[in-house]
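Asks: Just need the structure, nothing else, for what follows:
(2 chains)
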Amino acid sequence: MSRLLLRPDDPRRPACLSDLAELGDRYRVPSLWVEGDLPVLPGVAVVGARVAGATGQEAARRIGSDLGRRGVTVVSGFARGVDAGAHRGCLAAGGRTVAVLGCGLDVDYPPEHAALRREIAASGALVSEYEGGDAPVGWRFPQRNRIIAALSRAVIVVEAGAGSGALSTARWAAELGREVLAVPGSILGPANAGSNRLLRDGARPYLDVSDLADIFSECAAPPRLDRRRKAQRAGREGRTAPLQGRDHASRLLALVSAEPVPRELIGRALGLGPSGLAVLLGELELEGHVRSLPGGLVARARW
Amino acid sequence: MQGLSGVPVTVEVDVANGLPAFTIVGLTDRAIQEARERVRAAVRNAGFDFPQRRVTVNLAPAEVPKEGSGFDLAIAVALLRTERELPLDGVACIGELALDGGVRGVIGVLPMARRLSASGIRRLIVPAENAAEAALVEGTEVIGVESLGVAVAYLEGRLALDPVAAPAMGEIGAPGGVDLAAVRGQSLAKRALEIAAAGRHNLLMLGPPGAGKTMLARALAGLLPDLGADEALEVASLYSLRGRLSDRPATSLRPPFRAPHHSVSRAGLIGGGTGIAQPGEVSLAHRGVLFLDEVCEFPRAHLEALRQPLEERSVAVARVRASVVFPAEFVLVAAANPCPCGRLGELSGPGCRCPETMVTRYQSRLSGPMRDRIDMVAEVPRLNGETLLGGPPEELTARVRERVAAAQSRQLQRAGTTGVTANALLDGDQLLDVCGLDARGRDALTTAGERWHLSARAYHRVLRVSRTIADLGGEERVSREAVIEAIQLRLPAL
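Replies: Sure thing, here's the model as predicted:
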């Protein structure tokens, strides 16, 4: 795997990184290790809790995929939970993503992300300011957050608790004059306390990708099915299911448009038995329209 | 007894001159050595004379190890026969003696009675409390006795005793049985139960505590069709060996349901113990349902030990001198929390706070061999009021059981060519033949394989389950719809 060391004067180094110098000399990034090819930067950072619930992970995945599909680079911290969801969503949509590590590039951390790591290296880049074997020690992660903020034009915080490291990324972003957005979350429970507080303190709410339209023009057009995909779908419809089934399918897609929904309720709303519902969901899952989530939930896979 | 089989033992008594002594030989265990004291006291206290001579008892065949207190009555009767006229042709005795001459019940009388009946014994004298189970064996007259005195009087013809009437085999609801309709909602899990019952597929239920997993597992036992008389007798024999006929009437035709707690010992789960080899929970669940709640809490070694019964449908219990095989053909229902706190994937409430690594480690406790044998995964989410109330009326167990029975008879018809009586046992090439997938079905399977990176084993699981779904629908070939439904019954990725 090609690995590159970019010194401050290297022309291949993303220009936005030098904004950190304005905060003071000690915040400079003297060396930046890169594995893979750096995509267009600045991008949009998507960060949040490592221990995220189903909704948080799904939100991260969706944001990642919405940005990836529009050619906006997704920057995140390669941690478990929201970070991984954002990377994965972006990759699944064919986008490019940058992972900023809190340890050296030789360290496999978190260990369960080995496959994700390979995917990112193949269609994006992993970067770190630490030497190859530097261990993932606690203090390195908040430091790494300043790089995430610097490489982005906006930071979206998804599901962050009151003490989440994602809030430090948001602070760095504010210092650097980057836009800070937060995904509104439930007020019950501590899971969204941090991100909701950001909203109260003046962060912009992120509801869908058009909220980034003033930053990235490619996000301006309202999302809609283009003609080619419609035609493709029509072709598949004829092949796979009778018309009546497709009627159910469109009703089902309307039902799961917003939040993950329990399958029990979907079955009831459509008047389908468990078997009929499983077949319908299965077809839609095979076509990539919906995804089954833990807890018997169903979510839209893409818009 | 060795497992469900055994060897009839002949008791020989020799009374010789010399110093008074009482010896028992023939590879006996301690319980049989102690029989000397019980027999001596019981004979005297029943009003007979114990010979003041050199008494040698041999239990033949001498090379077979013998265990337990069930030989007491036979030894005493043989001893008394040296001085009285006791016709013993075609007669066998089973029972433990009390010091006062009473006869106590022993475990394993039913399988012993079956074995003795097969070897030509026509009359069986057993403890009164075991008479009902022994009488289940056809072709043998069973006499229940309460004391040694009664037994001797009967054998001498001084006392007439009527043989115990064979109790009628019948459908007696297993205690704690649950009707499917008693569980609200959970339609996916219920459908999975129906499929599991029809094809005898093992099932994993994932869901938080209190979502109804235990009730659903109990309902599965209710979905299985009645046992045949022979099968019921075999099951009752296993319960008899374990001394557990009080848990489940010997005459019940309902498939058993066992739910051992995760603190169960290895011997309790698999079989073993000192003395007579006793069947474990896996064998008590024979032809029924074995439910392992909180399966991740079971010691890993226990779960590994389940591999043999899951693959071979029987379990070998190693003894000092031999290994005993018990049948253990059950549908496994395992239940687990999705993560240590149980809240993974919940929409409302505090949500799951378990680190991903802990979730992975927790789920990996379901060891490899066990996962390989589990064909289906069903989510059992905790339902809120909105979901619980309303909704269509729930289907009754009896109706689902009819579909299950129909699907099973379809499998039995196929067994003529495949030799496999349940879809869960289909494997490899046979599986493809039996499914007869058309292009659309194959297409679904290929797409799913690419999308979710299915392993060869996962393909087989999907095919097995889809074959059962087709059987439930009365279809000759497996349709695309059946394949897709089967694909839905696997573990959803996070």
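Asks: When you work out contacts or count neighbours from here on, use the C-alpha atoms and nothing else.
Replies: Will do.
Asks: show me the contacts for residue 64.
Replies: Since no chain was named, I'll use chain A. By CA atoms under 8 Å, 6 or more residues apart in numbering or on different chains, the contact set of residue A:64 is A:46, A:74, A:85, A:86, A:87, A:88, A:89, A:90.
Asks: not what I meant, chain B
Replies: By CA under 8 Å, 6+ apart, the contact set of residue B:64 is B:26, B:27.
Asks: how far away is it from residue A:268?
Replies: When distance is defined by CA to CA, to the nearest Å, residue B:64 is 64 Å away from residue A:268.
Asks: Centre-most residue in chain A?
Replies: Centroid check for chain A by CA atoms, centre = their mean gives residue A:86 as the closest residue, at 1.9 Å.
Asks: what sits against that one?
Replies: Applying CA under 8 Å, 6+ apart, the residues near residue A:86 are A:46, A:47, A:57, A:60, A:61, A:62, A:63, A:64, A:65, A:74, A:76.
Asks: Which of those residues fall within strands?
Replies: Cross-referencing the contacts of residue A:86 against strands under DSSP state E gives A:46, A:47, A:74, A:76.
Asks: what about the last one, neighbour count?
Replies: Going back to what we said before, that points to residue A:76. 33 (other CA atoms under 10 Å in any protein chain shown).
Asks: which residues in the stretch 201-350 of chain B form helices?
Replies: In the stretch 201-350 of chain B, the helices defined using DSSP state H, counting those that start in this stretch lie at B:213-223, B:229-241, B:266-270, B:281-284, B:300-305, B:307-312.
Asks: and the first one, C-alpha only, in CSV?
Replies: Meaning helix B:213-223. Output in CSV follows, covering the C-alpha atoms of helix B:213-223 (Å, rounded to 0.1, in the frame of the first residue of the first chain):
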residue,chain,number,x,y,z
LYS,B,213,-39.1,-15.4,24.0
THR,B,214,-39.8,-18.0,26.6
MET,B,215,-43.5,-18.0,25.8
LEU,B,216,-42.8,-18.4,22.1
ALA,B,217,-40.5,-21.3,22.7
ARG,B,218,-43.1,-23.0,24.8
ALA,B,219,-45.6,-22.5,22.1
LEU,B,220,-43.2,-24.2,19.6
ALA,B,221,-43.7,-27.5,21.6
GLY,B,222,-47.4,-27.1,21.0
LEU,B,223,-46.9,-26.8,17.3
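Asks: could you give me the average pLDDT of that helix?
Replies: Averaged across helix B:213-223, the pLDDT comes to 89.
Asks: and residue B:145, backbone torsions?
Replies: phi -120, psi 150 (degrees, to the nearest 10).
Asks: Okay, and the beta partners of it?
Replies: Under the criterion DSSP bridges, residue B:145 forms beta bridges with residue B:127.
Asks: one step back: now, which of the contacts of residue A:64 sits nearest residue B:183?
Replies: Nearest to residue B:183 out of these is residue A:85 (CA to CA; 35.3 Å).
Asks: Can you give me the pLDDT of residue B:321?
Replies: pLDDT, residue B:321: 66.
Asks: Let me know how buried whichever residue of the stretch 1-150 of chain A sits closest to chain B is, in neighbour terms.
Replies: Here the stretch 1-150 of chain A gets closest to chain B at one residue, residue A:54, 5.2 Å apart by CA to the nearest CA. Counted with other CA under 10 Å, the neighbours of residue A:54 add up to 23.
Asks: Pretty sure it sits against residue A:291.
Replies: No: using CA atoms under 8 Å, residue A:54 makes no contact with residue A:291, being 11.8 Å away.
Asks: which of the helices of the stretch 201-350 of chain B sits most buried?
Replies: Compared across the helices of the stretch 201-350 of chain B, helix B:281-284 shows the largest average neighbour count, a mean of 29 (mean count of other CA atoms under 10 Å in any protein chain shown).
Asks: What lies in contact with the helix or strand encompassing residue B:449?
Replies: Using DSSP states H and E, residue B:449 maps to helix B:439-452. For helix B:439-452, the surrounding residues in contact (CA under 8 Å, 6+ apart) are A:286, B:454, B:455, B:459, B:478, B:479, B:480, B:481, B:483, B:484, B:487.
Asks: can we see that at 6 Å?
Replies: Helix B:439-452 has contacts (CA atoms under 6 Å, 6 or more residues apart in numbering or on different chains) with B:479, B:480.
Asks: State the mean pLDDT of it.
Replies: On average, helix B:439-452 scores 86.
Asks: So for residue A:237, what's the pLDDT?
Replies: 41.
Asks: can you check the one 4 residues further on too?
Replies: Here, the pLDDT recorded for residue A:241 equals 43.
Asks: In chain B, where is pLDDT below threshold?
Replies: Scanning chain B for pLDDT under 70 picks out B:171-177, B:274-276, B:320-321, B:342-369, B:384-391, B:491-494.
Asks: can you give me the offset of the strand or helix carrying residue A:266 from its chain's centre?
Replies: Using DSSP H and E, residue A:266 sits within helix A:263-270. Centre-to-centre, helix A:263-270 and its host chain are 29 Å apart (CA atoms, centre = their mean, to the nearest Å).
Asks: Just the buried positions in it, please.
Replies: Neighbour counts using 16 or more other CA atoms under 10 Å in any protein chain shown place A:263, A:264, A:265, A:266, A:267, A:268 of helix A:263-270 among the buried residues.
Asks: Who are the packing partners of the helix or strand following it?
Replies: Note on helix A:263-270: by DSSP H and E, the next helix or strand toward the C-terminus is helix A:274-286. Contacts defined by 3 or more CA pairs under 6 Å, 6 or more residues apart in numbering or on different chains; DSSP states H and E place helix A:274-286 against helix B:480-488.
Asks: Dump the contacts of residue A:86 into TSV; add distance to residue B:238 as well.
Replies: Shown next, in TSV, are the contacts of residue A:86 (distance: CA to CA, whole Å):
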residue	distance to residue B:238
A:46	61
A:47	59
A:57	50
A:60	55
A:61	54
A:62	56
A:63	59
A:64	58
A:65	58
A:74	63
A:76	60
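Asks: And the furthest pair within those?
Replies: A:57 and A:74, at 15.1 Å, using CA to CA across the contacts of residue A:86.
Asks: just the helices in the stretch 51-200 of chain A please.
Replies: Taking DSSP H, counting those that start in this stretch as the test, the helices found in the stretch 51-200 of chain A are A:54-69, A:82-92, A:114-123, A:140-150, A:165-175, A:193-200.
Asks: Show me where the stretch 51-200 of chain B has its strands.
Replies: B:54-60, B:91-93, B:96-97, B:103-104, B:123-127, B:141-145 (DSSP state E, counting those that start in this stretch).
Asks: before we move on, back to that, next, the buried residues of the helix holding residue B:449.
Replies: For helix B:439-452, burial by neighbour count (16+ other CA under 10 Å) applies to B:441, B:442, B:444, B:445, B:448, B:449.
Asks: Quick check: residues of the stretch 151-300 of chain B near chain A?
Replies: In this structure, the stretch 151-300 of chain B approaches chain A at residues B:187, B:188, judged by CA under 6 Å from any CA of the partner chain.
Asks: For the stretch 1-150 of chain A, which residues score under the pLDDT cut-off?
Replies: Residue ranges of the stretch 1-150 of chain A with pLDDT under 70: A:1.
Asks: now what about stretch B:179-194, what contacts it?
Replies: Stretch B:179-194 has contacts (CA under 6 Å, 6+ apart) with A:274, B:219, B:220, B:378, B:394, B:395, B:396, B:397.
Asks: For the last one, grab the count of nearby residues.
Replies: Right, residue B:397. Neighbours of residue B:397 (other CA under 10 Å): 19.
Asks: Also the fifth one?
Replies: Residues near residue B:394, counting by other CA under 10 Å, number 14.
Asks: Let me see the contact set for it.
Replies: Contact analysis of residue B:394 by CA under 6 Å, 6+ apart lists residue B:181.
Asks: how about it, secondary structure?
Replies: coil (DSSP: H, G, I helix; E, B strand; the rest coil).
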